[in-house]
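**Student:** Dropping the sequence and predicted coords here.
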Number of protein chains: 2
Amino acid sequence: MDGGLGKVSGPARLAAPDEGISPEELALAARNHGMPLEALRYDLTPPGLHYVLVHYDIPHAPPGPWQLSVEGRVGRALSFDVAELRALPAVTQRVTMECAGNGRARLEPRPVSQPWLVEAVGTAEWTGTPLRRLLDEAGVEPDAVEVIFTGADHGVERGVEQDYRRSLPLEVAMGDDPEVLVAYAMNGEPLPPQHGYPLRLVVPGWYGMAHVKWLSDIFVADVPFTGFQQTEAYRLRQEADEPGEPVARIAPRALLVPPGFPDFMSRVRFVRPGVVPLEGRAWSGYAPVTTVEVSDDDGRTWHRARLKPGDSHRWAWRSWTYTWTAEPGSYVLSARATDAEGRSQPLDQPWNRGGFANNLVQRVPVTCLEALETTSG
Amino acid sequence: MDGGLGKVSGPARLAAPDEGISPEELALAARNHGMPLEALRYDLTPPGLHYVLVHYDIPHAPPGPWQLSVEGRVGRALSFDVAELRALPAVTQRVTMECAGNGRARLEPRPVSQPWLVEAVGTAEWTGTPLRRLLDEAGVEPDAVEVIFTGADHGVERGVEQDYRRSLPLEVAMGDDPEVLVAYAMNGEPLPPQHGYPLRLVVPGWYGMAHVKWLSDIFVADVPFTGFQQTEAYRLRQEADEPGEPVARIAPRALLVPPGFPDFMSRVRFVRPGVVPLEGRAWSGYAPVTTVEVSDDDGRTWHRARLKPGDSHRWAWRSWTYTWTAEPGSYVLSARATDAEGRSQPLDQPWNRGGFANNLVQRVPVTCLEALETTSG
């Protein structure tokens, strides 16, 4: 009896070959937003520049203390308010977060969903309570296999009414590398509403769908979770009817701060001849980034960039620089990251039906003007 | 000699009748963002939810103190750093700001530019130095007619390389109603980078293009300013070759918090039968809002909403509420504001080539489900 829902909440679809971005995709793009790439300059992305994806609505936190329950296959069910969590030992981690759908809008055919280009990323310092401490305190039963996280974000997706809900394998939830957090602070401040106020999960190294916002319930389960966001959405599939592999860790990616200055409408960049310092960031959710290469000829030749010395922030992007010398002409700049386990970025577009985990190298068209070229401005 | 610029920076254009949102428009939508409409609940919009439009790049503030110069037709040219401005008497104003292009993406034909739907708005408390105090200190010459403001945002638009630059008539710049501010704080904190750090202009009641961000220069002029953003852009025109009227004050608008919960992709809303409290905000840059009406039948009939008592925030939105009783079926909810000077919102779409100052009433499709309707979730 989902007639009312089914009428307006259709199945997943691919755009037709010449179909422009639809009004529905635009409505998502107007709500959610990427990180303007010049913000790659900041070690920590200011909250309003960090990418945001909200599936349904930013929930309206009810008056009174927020309660986080821990239940299911545990020795004793527990409940915490934010003050109780803040009273426990805190951990702060610098984490680069990226949306699993980053790059989707450039795919052909294009999966119709949030139409990210390449900017769905950001880095913040998250402070909270290690999840494993809460699970230890509740006492996980021996038959537990997964932990299910429920957020207060409520809506409909492909005909299914739901609270946003995702699971982690027990060994990830209980692990210390990465250390999963129940976070209550972002860059030292209470979470902004759109980043999960008052509580969210932070799973370093994993794509954004795992970092459940507005976290209200933690349920320890003895069977794998089969809810919508786990088995319908966020799977790597070539065909609609195959089960597919789950989306999990972040594939390596490098991005550069587009140099020079842009044209308002085309976003093409202009520089003038001479030395143009390039800088950017690179990250991988699998292993530390060990190499970044830069190309100014659309990926035909590559040159080693200088990686800033590694620091203690294992789960955050690394800064890199490259000195480019520009001469008048047209260029496509790219950067490519490789991690310590040998994963790198493809030069040809991989594809899956959801448009997930896509880490094709960035292309930044740049025009180098003549030295004395002036304009009518 | 603008061959390099002209090749990639084309003239303004209208989309073809069936042209979907272009990759260029999407690139703007992914960078800039509106306010998710559920954030109408907040008196003050958190900075990361306030709408943002950046013409070119968020400038990289150079090391060392930012200098704001005051020059041109003045008795003595002055320069201020932020600390010097903070030492002067401060004024705080709560201001609702809206992009002049809000609603553009729904126009037919669609002007190709930042494709706002209806959400390019936000309200903040801005603290700074009254502009007229700085002008008084510099001593405006009797032949002055306008004041020109330059921001550090640098780029190309329709072939013209420029720093973002706008003017105000002298009487507006020197006026105290509204009181124009050189602002250094937003909601009590230093300006976020995307909102103009370290200094921006705030012109209460005017559309966003007047509130020059990353303000670096104030120039008192004895002739009207004819720069790109004043005479090419931000004009109300039916034909490309007419001079057009300048865009200035914000036309009245009411928006409602979409009730119930959404479908992820279509953004259509669902409610269940019974009392559904509606709430929203309304504003006008001309005069206080005196009436808000609500319709649940796509504008055929209207019912008076309850306006919260007026407060001292003349330039900020007013809160309104309405108690709606929903029965199963499909609805289009709308709200319409009227101000004290009788300006209201059109029910039929007005049009101009830039897609500016468009205040067509909002349409929020809502499906009321059957009371017992359940889903497959």
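**Tutor:** Looks like it arrived, so ask away.

**Student:** Can you name the residues that contact residue A:243?
**Tutor:** Residue A:243 is in contact with A:231, A:235, A:237, counting by C-beta atoms under 8 Å, 6 or more residues apart in numbering or on different chains. (C-beta placed from N, C-alpha, C; glycine too.)

**Student:** Most neighbours among those, which one?
**Tutor:** residue A:235 (17 neighbours; other C-beta atoms under 10 Å in any protein chain shown).

**Student:** Leaving out the residues flanking it, which one is nearest to it?
**Tutor:** Excluding its sequence neighbours, the residue lying closest to residue A:235 (C-beta to C-beta, 6 or more residues apart in numbering or on different chains) is residue A:244, at 3.3 Å.

**Student:** doesn't residue A:234 make contact with that neighbour?
**Tutor:** No. Assessed by C-beta atoms under 8 Å, residue A:244 is found out of contact with residue A:234, at 9.0 Å.

**Student:** And the spatially closest residue to residue A:225 that is not a sequence neighbour, how close does it get to residue A:284?
**Tutor:** In this structure, residue A:225 finds its nearest non-sequential neighbour in residue A:167, 3.7 Å apart by C-beta to C-beta, 6+ apart. In this view, residue A:167 and residue A:284 are 23 Å apart by C-beta to C-beta, to the nearest Å.

**Student:** what's the answer for residue A:232, then?
**Tutor:** Per C-beta to C-beta, residue A:232 is found 27 Å from residue A:284.

**Student:** cool, residue A:6 as well?
**Tutor:** Going from residue A:6 to residue A:284 by C-beta to C-beta gives 40 Å.

**Student:** Neighbour count for those two, which is higher?
**Tutor:** Per other C-beta under 10 Å, whichever of residue A:6 and residue A:284 has more neighbours is residue A:284, with 28 against 16.

**Student:** Which residues are in contact with that one?
**Tutor:** A:250, A:251, A:252, A:253, A:337, A:339, A:343.

**Student:** Inside strands: which ones of those residues?
**Tutor:** The strands, defined by DSSP state E, take in A:253, A:337, A:339 from the contacts of residue A:284.

**Student:** Correct me if wrong: residue A:107 contacts residue A:356.
**Tutor:** No. Using C-beta under 8 Å, residue A:107 is not in contact with residue A:356; the gap is 10.1 Å.

**Student:** Just give the nearest non-adjacent residue to residue A:197, would you?
**Tutor:** Excluding the flanking residues, the one nearest residue A:197 by C-beta to C-beta, 6+ apart is residue A:191, at 4.3 Å.

**Student:** State the number of residues packed around the one you found.
**Tutor:** What residue A:191 shows, counting by other C-beta under 10 Å, is a neighbour count of 24.

**Student:** cool, and the one 3 residues further on?
**Tutor:** Counted with other C-beta under 10 Å, residues neighbouring residue A:194 total 23.

**Student:** that older thread, between the ones in strands among the contacts of residue A:284, which is closest to residue B:365?
**Tutor:** Closest approach to residue B:365 among these (C-beta to C-beta): residue A:253, at 37.3 Å.

**Student:** gap between the closest one and chain B?
**Tutor:** Look at residue A:253 and chain B: by C-beta to the nearest C-beta, to the nearest Å, they are 16 Å apart.

**Student:** could you list every residue that touches residue A:144?
**Tutor:** The contact partners of residue A:144, by C-beta under 8 Å, 6+ apart, come to A:72, A:73, A:170, A:220, A:221, A:222.

**Student:** For the closest residue to the fifth one other than its chain neighbours, list each beta-bridge partner.
**Tutor:** Okay, so that is residue A:221. Residue nearest to residue A:221 in three dimensions, not counting chain neighbours: residue A:146, with 5.0 Å by C-beta to C-beta, 6+ apart. As for beta bridges, residue A:146 partners with residue A:169, residue A:221 under DSSP bridges.

**Student:** so residue A:146 makes contact with residue A:166?
**Tutor:** No. Residue A:146 lies out of contact with residue A:166 (C-beta under 8 Å); the separation is 10.1 Å.

**Student:** Kindly reformat the ones in strands among the contacts of residue A:284 as TSV containing pLDDT.
**Tutor:** Below are those laid out as TSV (pLDDT from 0 to 100):
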residue	pLDDT
A:253	98
A:337	98
A:339	97
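
**Student:** If you rank the residues you listed by neighbours, which is first?
**Tutor:** Counting neighbours by other C-beta under 10 Å, residue A:337 leads those with 29 neighbours.

**Student:** mind checking how far that residue is from residue B:324?
**Tutor:** Counting by C-beta to C-beta, the gap from residue A:337 to residue B:324 is 52 Å.

**Student:** ok so, going back, among the contacts of residue A:243, which one lies nearest to chain B?
**Tutor:** Relative to chain B, the closest of these is residue A:231; by C-beta to the nearest C-beta it sits at 12.7 Å.

**Student:** Residue A:373 and residue A:367, how far apart?
**Tutor:** Residue A:373 sits 10 Å away from residue A:367, going by C-beta to C-beta.

**Student:** Comparing those two, which residue is more hemmed in?
**Tutor:** For residue A:373 and residue A:367, the more surrounded residue by other C-beta under 10 Å is residue A:367, and the numbers stand at 21 against 17.

**Student:** For stretch A:126-140, give me every contacting residue.
**Tutor:** The set of residues external to stretch A:126-140 that reach it, using C-beta under 8 Å, 6+ apart, is A:70-71, A:73-78, A:80, A:85, A:88-93, A:95, A:147, A:170, A:173-176, A:179-186, A:188, A:199, A:201-202, A:218, A:220.

**Student:** So among those residues, which ones count as buried?
**Tutor:** Burial by neighbour count, judged by 16 or more other C-beta atoms under 10 Å in any protein chain shown, picks out A:70, A:73-74, A:78, A:80, A:85, A:91, A:93, A:95, A:147, A:170, A:173-175, A:179-186, A:199, A:201-202, A:218, A:220 from the contacts of stretch A:126-140.

**Student:** mind listing which of these are in strands?
**Tutor:** A:70, A:78, A:80, A:91, A:93, A:95, A:147, A:181-186, A:201-202, A:218, A:220.

**Student:** can you tell me the helix or strand for residue A:25?
**Tutor:** Per DSSP states H and E, residue A:25 falls inside helix A:23-31.

**Student:** Could you look up the SS state of the residue lying closest to residue A:52 once chain neighbours are set aside?
**Tutor:** The shortest distance from residue A:52 to any non-neighbouring residue, by C-beta to C-beta, 6+ apart, is to residue A:194 (4.9 Å). Assigned with DSSP: H, G, I helix; E, B strand; the rest coil, residue A:194 falls in the helix class.

**Student:** now the helices: where do they sit in the stretch 1-150 of chain A?
**Tutor:** Using DSSP state H, counting those that start in this stretch, the helices of the stretch 1-150 of chain A run over A:3-8, A:23-31, A:82-86, A:131-138.

**Student:** Next, the angle from the second one to helix B:23-31.
**Tutor:** Using axes from the mean of the first three to the mean of the last three C-alpha atoms, to 10 degrees, the interaxial angle of helix A:23-31 with respect to helix B:23-31 works out to 40 degrees.

**Student:** Report the central residue of chain A.
**Tutor:** By C-alpha atoms, centre = their mean, chain A has its centre lying nearest to residue A:98, at 1.7 Å.

**Student:** what sits against that residue?
**Tutor:** Counting by C-beta under 8 Å, 6+ apart, residue A:98 touches A:51, A:120, A:121, A:207, A:208, A:250, A:253, A:283.

**Student:** do that again at 10 Å, thanks
**Tutor:** By C-beta atoms under 10 Å, 6 or more residues apart in numbering or on different chains, the contact list for residue A:98 reads A:35, A:51, A:116, A:119-123, A:206-208, A:250-251, A:253, A:283, A:285, A:317, A:357, A:359.
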